[in-house]
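K.L.:
Have a look at this fold, sequence not included:
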């Protein structure tokens, strides 16, 4: 599955990872990891409200923009 992660930058999203864990948060940044795989950083998630959660695109099962 190819994901155009740039469109999620600055948006609130619902993300399901390949382990079927659901994360709802705000996309703080989109970047390319050192290994060349694109990734996003989520903040304000229920699981880690005070930390940044990093997901590489190959760890994302689905992602969608939520709210406004």
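P.N.:
Everything's here; your move. The model shown is predicted, which means the values in this text are computed figures rather than measured ones.

K.L.:
When you work out contacts or count neighbours from here on, use the C-alpha atoms and nothing else.
P.N.:
Will do.

K.L.:
and residue 31, that one's in a strand?
P.N.:
Yes. Judged by DSSP: H, G, I helix; E, B strand; the rest coil, residue 31 forms part of a strand.

K.L.:
and the closest residue to residue 26 other than its chain neighbours, how many neighbours?
P.N.:
Of all residues beyond its chain neighbours, the one nearest residue 26 is residue 12 (4.3 Å), with distances taken as CA to CA, 6 or more residues apart in numbering. For residue 12, the neighbour count with other CA atoms under 10 Å is 20.

K.L.:
three-state assignment of residue 58?
P.N.:
helix.

K.L.:
separation between it and residue 6?
P.N.:
Distance of residue 58 to residue 6, computed by CA to CA, to the nearest Å: 15 Å.

K.L.:
show me what contacts the most centrally placed residue in the chain?
P.N.:
For the chain, the residue nearest the mean C-alpha position is residue 40 (4.7 Å; CA atoms, centre = their mean). When contacts are counted by CA atoms under 8 Å, 6 or more residues apart in numbering, residue 40 touches 5, 27, 28, 29, 30, 31, 54, 55, 56, 57.

K.L.:
any idea which of those residues is the one closest to residue 67?
P.N.:
The closest of those to residue 67 turns out to be residue 27 (CA to CA; 13.1 Å).

K.L.:
from memory that closest one sits against residue 12, does it?
P.N.:
Yes. Applying CA atoms under 8 Å, one finds residue 27 in contact with residue 12, separated by 6.3 Å.

K.L.:
buried stuff in stretch 55-65?
P.N.:
55, 56, 57, 60, 61, 63, 65 (16 or more other CA atoms under 10 Å).
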